[in-house]
Every structure is written in structure tokens, then in C-alpha cells.
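Chemist: Sharing a model prediction with you, sequence too.
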Amino acid sequence: MKIPQIFFPILLFMLSEVDGVAQPDRWKQAVDYTMEVNLDVSNHSYAGTQHLVYTNNSPDTLNRVFYHLYFNAFQPGSMMDIRSLTIADPDRRVMDRISQLSETEIGKLYPSKLKMNGMSVEFKVIGTVMETSILPEPILPHSSVVFDMDFDGQVPIQIRRSGRDNKEGIAYSMSQWYPEMCQYDQEGWHTDPYIAREFYGIWGNYTVAITIDPQYVVAASGILQNGNEIGYGYEDPGVKVKKHKTPITYHFKAERVHDFMWAADPDYVHKKVQVPGGPVMHYFYQPDEITSQTWPRLMEISPKMVEYMSKRFGTYPYPVFNVIQGGDGGMEYPMSTLILGKGSYKGLVGVTVHEMFHSWYQGVLGSNESLYPWMDEGFTSYASSLTMQYLFQSKGSPTKSFYDNYFQLVKSGKQEPMSTHSDHYNTNVAYSVAAYSMGAMVLSQLSYIIGEPTFSHALKNYFNTWKFNQPNPNDFKRIMEKESRLELGWFFNDWIMTTKHTDYAFISVENSNKGIIIILKNKDQRPMPVELLITKKTGEQSRIYLPLRMMRGVKQFNDSIPTRVKDAWPWTNPYRQISFEGKVEDIQSIVIDPEQKTADIDTSNNVWRNKN
């Protein structure tokens, strides 16, 4: 089906009204999937059909298309397998397990037929990507075409995220299970093979029919459309409404999402909780001695959890969120997550908070995770740490662990620039620290540079401005600059694009005829604005603030500590002399970066104490 060209100005205006006016010229492709899949639980194979309306909102003419076939990664000799066998520190959940899979245990996903607008399309499968030949007719800018596909698959033994019969006994975790159209954006096609991590999809609508043995309870992205027919507690949680003897079909709809996941198990129980003014939280898990204690407690705290998340970071926009025991760590999907079901109560809350926060920074903002994993994993980790501190009223800095991980990585000599593609880090530890810890430290350091109240408002404004618009690092930087009225390119360049470090130190603190003179030195290559906390022997405190010249402004403080703002420090000058009234004899201590937010790699030289 083609949409007449005359309707596109109206359509684009309507979309701009929905998305907001953050970036009216930021076009995005659109997809509408209608899929039917029949899973044979006797041999773990499935057959499916896919009707895909693909809308090319770009200014480019497309002559070919590409699909992800993620399940093919779980085959001996795949790129994921070889990478796990050859990387210095393989994921312990993967190791050599793919290489040992038998023919009945591997993953398979192969299209058997593809048509575009009723015309046959030739294609070839290369690992986890399907490439078409030149299309029968080009996809013109601002037009829609229809792709119809038949496909077959086999569910692998669960190795990572997807699969069957995992260590917690969940029958099926069906993520990345269908042929998924690759993303095309301002940078062109994104046809990354499935090596290890991170996904980048197209927003659209999904209508999915899943046919399965009647013993199984199915949980999925989106909203079940035939709960009364299916039963299994969707309308009345915990009660099986009907008993079936033949395969049953679940009908789901998910709107404005970039992926669709489902899971199935005979032993799932289903519960739900309404968050006041927010989504309905659905929970699917296997009841046992552990989960029967922890999951009800998770449900009890969920309203408080989601209310804080939405108030602090922006409103969760979907009507539901499904927490599903998947048996393999935690992984985010639109409107849902697959998580480990067993373990401590606090651990269960922590993984739920983290995976749900991906709805903000991956599901709704939709940045390219492969290129900028820190914009999702890092921001999610930061928001999760603040939420956990709020929920459990824990003491200390919620971001301390991120800094500790960073310092360990620096000492190891394995640090790589955060601009590295997710799959191309030389070690998993370098990726993990860069994406999660250093990504979280982007936000922690910005709160230091521009001030906490300004930063908190800016972070929420970033979400509200760029939701459903796939922001890149510069889009985020510009929000922070506009809110703070400071220039911040220097920070993003050094922290994201390089492996430079910060190390400020005292050289001397002495009396002079001008009062007290302090000499500081930046012993490394990455500059940061400097705050000195001065404590007199009487207990009185004051602050000296040294902005960087290239900030073109100063931070606004929101506490009652008297602050002297000194001339800005040019980054080319390794030394800086500061003078202020008083006598050294009256000073008890002077501390550089008292909150320890600058990522200073050697804090042993950050404190001067009066020895007299």
C-alpha cells in the first residue's frame, strides 16, 4: 500500500504535534508489523508470517533493505561464537557454550519468501543479517511500501537473553525472535551483525498473534487483546478462567515501540498492580519458596518506585509495564523486561528499577545504543542509583561505585574511548565500565559542573524534549548548555572522545604579604573547574571557585557556603596561583573537590591539612 504524496505534509504536521517541536526536521522511519507465529513446543521450532508496512520518511530513495536475524548468532562458528572464544575476557554466561551446541540446540531464523507490494524479492542470509537484492521498485522518499514474509525459526538453548530452558527453568524467552527491519537514519543503514550487545530499532506498531500449546502462559510486550478468551488470569490475576485442550492464540498489540518480546512458561502466575496516575504493572513469575516471598514485596514497592521515577526523570508514557521472570540477568524491551527471578528482595528491586529505566533512555529516547551505549546504559545506571537510594534510604554517595569502577579501569591500563563502537572494545571490562560507569559519570560530573538544581531540571527537560526523537550526544549537550548557559563542548570532547584524566594537586599553601597564597597544578591532561573547600580551625567554612575559561560562565551554587569566584583558569596553564585574605595558622584544611565528582584519579594530593 502506498500513501499518496499529498497526505505527507499533513501527516508530518500531525507527527510534529505529537512528538513536540524539539527538532522538527529530525525525520524517522516508521514500521507497522502484523505477525503470526506458531510455536511447536515438542521440537522448539516455529513458523511465522510477517506483514510489514514500511514508511520511508527520509529524503533518500532506498533500493535495498536489510533485516536482522538475531537467532542465527547462536550457532557454532557465528561471529558471536568466535568473538566469545577469542576475546580476552569473555562473558561468563557465554564462554564456549555456543560452540558446543548441537543441531537441535542451536538458534535458527530463516525467511523462506519475501515480497514487496506483491512482487518477489530476492535475498540472501549472511549470518545475522538478511540482505535483499535490488528491489523491484525503489522506495521513494515519503512513501510507504508493504513487505510480506514467511519465516521459520528454532529456539536455541538459552545462552544470552534469548532462548529456552534456562537455568531458572523458564521455558521460553523469545526476544529478537523475528526478522526485524534494520534502522535507516541520517547516517544511513545500520546493519550491525549480532556480536554481543545493544540494539537500535525503528518505532512502530506491532500486532502479534502467538499460537502455542494450551499449557503455557504467555507474557509479552504490549497489551493482550483477548484476555477473557485466553484466561490465565489476565482479567482476574492468579485465576485460570478457561481450560483448553488445543493450541491457543494470544493476540497482542504494542504501539509506538521499536521491538516486541514475549515469554512463555507453564508455571507462570500473573499478578498486577495499578500505579496511581501511572501504568498497570504486570508480573509473571514461577512461584517457589524464594519468589513467593520476594515478588509480592516487589509489587508492594512498585507504585512508590514508579511514581518517583516519573516525577524525577519524566513521565513513563506507556499504559503498562510487564516484569517477566526470564532467567538470564536482566534485559530491557518496550513496555517489558526479562529478569532473573530468584535472589534477594533488594536485588530483585534493583534489577527491576534498572531495566524499567531503560524505558526512558532506550525505549522512549531511542538513541543508537551500538554507537552511544553510555546514553542508555550510563544514564539508566545513574537514574537507578538515585532511585534505589530513595527507596531504601541508603547513606553515602549513590554514584561512588561508578567512580571506583572507573579508577580501577584506569589503573588496569585497559581504558578505551567511550566513542568506541559497543562491539569493538578490546575487552568486555572496558566496554562495561565505559557504558555503565563512565556513562553514569557523565551525569554526575555535569551535576558538579553546572550545579545540581540546574542539572536535574535539564535532565528531565532532555527527556521531555527528545522523547521519540532518537537524540545523539550533541543533542544532549545542547540541552545542558541551554539550561546552564555554559559552554560544555570541552567536557564532552575530553570525556567521550579521549582517555585523558584529571589530577589536580596542591603544590603549596603559604603566608604572604597578600594573605594566603595557594598554588595548584593539574598534573594530567583533562581540565575541570575547581572547587576548594576551606575549613578554619573555628569550624567556619568557605569556598573558592575556579571556573574554566572555556566554560564562558560560572556555576550557580545552591548552598549557604560563602563562595569567592576567581578568574577563570585557562586550560593551557598547568599551574594556578590563588590568593585570599587570612593566615595559614588559622586554617585547618583545604580540600580540592570535596564531593569527589571530578573523577580525579589521585585524591591523595587533594587535601592540605595544617600540621601545626
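Modeler: Happy to help now that I have it.

Chemist: Just list the residues touching the residue positioned nearest the centre of the chain, thanks.
Modeler: Central residue of the chain (C-alpha atoms, centre = their mean): Asp376, 2.8 Å from the mean position. Contacts for Asp376 (C-beta atoms under 8 Å, 6 or more residues apart in numbering) come out as Glu198, His358, Tyr361, Gln362, Leu365, Ser367, Glu369, Gly439. Using the backbone N, CA and C atoms, a C-beta is placed for each residue, glycine as well.

Chemist: What is the nearest of these to Pro319?
Modeler: Lowest distance from Pro319 to the contacts of Asp376 (C-beta to C-beta) belongs to His358, with 17.5 Å.

Chemist: Outline the domain layout of this structure.
Modeler: 27-368, 389-497, 504-609 (automatic domain parsing).

Chemist: follow-up on the earlier one: mind giving me a markdown table with the contacts of Asp376 and columns for pLDDT and secondary structure?
Modeler: Below are the contacts of Asp376 laid out as a markdown table (pLDDT from 0 to 100; DSSP: H, G, I helix; E, B strand; the rest coil):
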| residue | pLDDT | secondary structure |
| --- | --- | --- |
| Glu198 | 77 | coil |
| His358 | 96 | helix |
| Tyr361 | 96 | helix |
| Gln362 | 95 | helix |
| Leu365 | 96 | coil |
| Ser367 | 95 | coil |
| Glu369 | 93 | coil |
| Gly439 | 98 | helix |
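
Chemist: Can you say which of the residues you listed are buried?
Modeler: When the contacts of Asp376 are checked for burial by 16 or more other C-beta atoms under 10 Å, the buried set is Glu198, His358, Tyr361, Gln362, Leu365, Ser367, Glu369, Gly439.

Chemist: any idea which of the residues you listed is the one closest to Thr207?
Modeler: Gln362 (22.4 Å).

Chemist: List the contacts of that closest one.
Modeler: Going by C-beta under 8 Å, 6+ apart, the list of residues near Gln362 reads Glu332, Glu369, Asp376, Thr380.

Chemist: And those residues, which is closest to His142?
Modeler: Glu369 (27.2 Å).

Chemist: contacting residues around that closest one?
Modeler: The contact partners of Glu369, by C-beta under 8 Å, 6+ apart, come to Arg197, Glu198, Phe199, Tyr200, Gln362, Met375, Asp376, Glu377, Ser422.

Chemist: try His358
Modeler: With C-beta under 8 Å, 6+ apart, His358 has these contacts: Glu332, Thr337, Asp376, Thr380.

Chemist: roughly how far apart are Leu101 and Tyr206?
Modeler: Distance, Leu101 to Tyr206, by C-beta to C-beta, to the nearest Å: 29 Å.

Chemist: For the two, work out which one has more neighbours and name it.
Modeler: It is Tyr206, of Leu101 and Tyr206, that has more neighbours when counted by other C-beta atoms under 10 Å, with 23 against 18.

Chemist: Which elements pack onto the strand or helix carrying the more buried one?
Modeler: For Tyr206, the host element (DSSP states H and E) is strand 204-212. When contacts are defined as 3 or more C-beta pairs under 8 Å, 6 or more residues apart in numbering; DSSP states H and E, strand 204-212 sits against strand 30-40, strand 217-220, strand 248-257, strand 262-265.

Chemist: show me the biggest helix of the chain in terms of residues.
Modeler: helix 291-313 (DSSP state H).

Chemist: Go ahead and name everything in contact with that one.
Modeler: By C-beta under 8 Å, 6+ apart, helix 291-313 touches 271, 273-279, 281, 283, 285, 287, 316, 321, 323, 325, 341-345, 348-349, 352-353, 356-357, 360, 383, 386-387, 390-391, 456, 459-460, 463.

Chemist: continuing past that helix, what's the next helix or strand?
Modeler: Defined by DSSP H and E, the subsequent element after helix 291-313 is strand 320-325.

Chemist: tell me what the helix or strand just after that next one is packed against?
Modeler: Sequence order places strand 330-333 as the next helix or strand after strand 320-325, per DSSP H and E. Using 3+ C-beta pairs under 8 Å, 6+ apart as the contact test, the elements touching strand 330-333 are strand 336-339, helix 345-358.

Chemist: picking up where we left off before, with respect to Gln588, which of the contacts of Glu369 is nearest?
Modeler: Distances from Gln588 to the contacts of Glu369, taken by C-beta to C-beta, are shortest for Glu377, at 41.3 Å.

Chemist: Tell me the confidence at the closest one?
Modeler: Confidence at Glu377, expressed as pLDDT, is 97.

Chemist: quick one: it from Asn558, how far?
Modeler: With C-beta to C-beta as the criterion, Glu377 and Asn558 are 29 Å apart.
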